[in-house]
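A.B. asks: Whatever this is, show me its structure:
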Amino acid sequence: MSAEIDATAGTTVQAPARVLVKWKEVILYVVLAYGLAWAWSGYFLFPYLGDLLTQSTTPTDMVERLGPAATLGTMLTPMIAAFIMRIFVSKEGLKGSLGLLRSPKYYLAALIVPAVFVTAVVLIITQAVVIPGGAPLGEFRWSEATWSVYLILLVTAALPITLFTFGEEYGWRGYLLPRLLPLGEIKASVLIGVIWGVWHLPLLLAGLNYPGVNIWLAIIVFTFVTVALSFAYTWFYVASSGSVLVAAVFHASTNQFSDTFWVPPRLSVVTPFAPSVVSAVLIIALVLVVYGVFRRSVHVKDPERFIHPKLDGTWRDWVR
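C.D. replies: Numbering: from 1, shown residues only. As a prediction, the model looks like this:
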């Protein structure tokens, strides 16, 4: 604590202590998360490593050939890294790290917002953006976007897929974000977005999300997207008082709706980067409005509470 003089009362008051970023924990966690993820995905990619490192474009069918074990297993590694850090390094333990007991409004918003956003991106691509010659950037088969499809995706996003997106969110938002929040929401979100994006490197080389395109463009565009998305995840996490589960539901719903409506045959685009670039630009514009026009504070009050939540010694401590 540092002392300051209250000019009106003429007394000495204590200013809040500045919370510093524990960079050793941050760096060690990132190294551990990368090591586990790249070792796991590298095991599946090793037989193809020579081709992946010499070709200029991403393969078109390798992700399917690798099977779901490569991608789903990789998604669990940030959580495993966070477990190791919480138990053996930072030693705050696992209590209070889930954020399950939250108002239903947060879970409902986490489910519905991605559906609305993905639909908005489709409308922009098909109605608002044209390429030279006057043709739209893409075409969408609206007959396949029925209400039943939306409802089915909401249910499936809430259950099995969340089990795997929780693996990522327990690490990125549950462990790493609270340690970077002393930097402010903007810097913390950008830094996590870059870390999160580059973490996908082995699977991006295998053609994840962008098959048959220039490898470097795939890496750059994907990282741009994760930086933009990182702001949305930060807002959900902070608004829900540190709920990893809310962030995981948001992640699952985002993946479900984008993977369903941004791919052929539903959406046909002139470049596979179109949905990603449009969505990232849209989010960045929203970020500028939120922080610029509405003057949202970049500083989070008492970021330490996300690392060390108040516990009362009951069973609820494990799911708070």
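
A.B. asks: All the strands of the stretch 1-150 of the chain, residue numbers only.
C.D. replies: Using DSSP state E, counting those that start in this stretch, the strands assigned to the stretch 1-150 of the chain run over residues 2-6, 11-15, 138-140.

A.B. asks: same question but for the stretch 201-320 of the chain, I mixed them up
C.D. replies: Under the criterion DSSP E, counting those that start in this stretch, strands of the stretch 201-320 of the chain are mapped to 267-269.

A.B. asks: Would you single out the least confident of the strands of the stretch 1-150 of the chain?
C.D. replies: Lowest mean pLDDT within those: strand 2-6, at a mean of 46.

A.B. asks: what distance separates stretch 183-192 from the middle of the whole chain?
C.D. replies: Taking CA atoms, centre = their mean, to the nearest Å, one finds stretch 183-192 lying 13 Å from the centre of the chain it belongs to.

A.B. asks: for the record, mean pLDDT for it?
C.D. replies: Stretch 183-192 carries an average pLDDT of 98.

A.B. asks: Name the residues of that stretch that come out as buried.
C.D. replies: Going by neighbour count (16 or more other CB atoms under 10 Å), the buried part of stretch 183-192 is 183, 185, 188-192. (C-beta placed from N, C-alpha, C; glycine too.)

A.B. asks: Out of those residues, the closest to Thr119 would be?
C.D. replies: Ser189 (24.1 Å; CB to CB).

A.B. asks: would that closest one count as being in a helix?
C.D. replies: Yes: assessed by DSSP: H, G, I helix; E, B strand; the rest coil, Ser189 belongs to a helix.

A.B. asks: quick one: it and Ser230 touch, right?
C.D. replies: Yes: counting by CB atoms under 8 Å, Ser189 touches Ser230, with 4.3 Å between them.

A.B. asks: ok, now how distant is Pro104 from Gly67?
C.D. replies: Going from Pro104 to Gly67 by CB to CB, to the nearest Å gives 36 Å.

A.B. asks: I meant Leu111, not that one.
C.D. replies: Look at Leu111 and Gly67: by CB to CB, they are 28 Å apart.

A.B. asks: For these two, indicate the residue with more neighbours.
C.D. replies: The neighbour count for Leu111 versus Gly67, taken as other CB atoms under 10 Å, is higher for Leu111 (21 against 11).

A.B. asks: The more buried one: what's it in contact with?
C.D. replies: By CB atoms under 8 Å, 6 or more residues apart in numbering, the contact list for Leu111 reads 154, 157-158, 249-250, 253.

A.B. asks: Much appreciated, bye for now.
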